[in-house]
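Asker: Need a 3D model of the following:
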Amino acid sequence: TKLARGLVSYAEEVDELPTARAQNLSDEDLAELEDVKLIWVMPAEQNPVSLELARVLEQSGLYGAEVARRMGVPRQTVTRMVNPFYWGHNVSSLRRFAEAVGGKLEVKVEIAA
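Answerer: Numbering: from 1, shown residues only. Reported below is the predicted structural model:
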């Protein structure tokens, strides 16, 4: 989680993320790496609720500290709620967040046909 937090922190500080680059290793490069074990790492899934909260926060024009003050919680609580890797939201905190930014919470459940 430290790596994820670091990446999120970096992404929040820069105007534009660098373009991802990849290249295939040549046979010579692979031969030099015979003692190296390659591990494929899948990126962590991002929580769409957190992403939506971050979008709403930005759209509101408010700072996280102001939303936290309106919610009556520490600033870190709002920071955590908009963290795309956080999955611990509850309906009560979502409702208070929505009210703090001048909105309302709607929960929608769709059953696949």
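
Asker: continuing past the lowest-mean-pLDDT helix or strand in the chain, what's the next helix or strand?
Answerer: Within the chain, no helix or strand scores below helix 2-13, which has a mean of 73 by mean pLDDT, DSSP states H and E. Remark: after helix 2-13, the chain's next helix or strand is helix 27-32, criterion DSSP states H and E.

Asker: any weak-confidence spans in this protein?
Answerer: 1 (pLDDT under 70).

Asker: Tell me, how many residues neighbour Gln23?
Answerer: Neighbour count for Gln23, taken as other Cβ atoms under 10 Å: 6. In this view, the C-beta of every residue, glycine as well, is placed from N, C-alpha and C.

Asker: what sits against it?
Answerer: Not one residue lies near Gln23 by Cβ atoms under 8 Å, 6 or more residues apart in numbering.

Asker: Tell me which residue lies farthest from the centre of the protein.
Answerer: Ranked by distance from the centre of the chain (Cα atoms, centre = their mean), the top residue is Glu28, with 38.7 Å.
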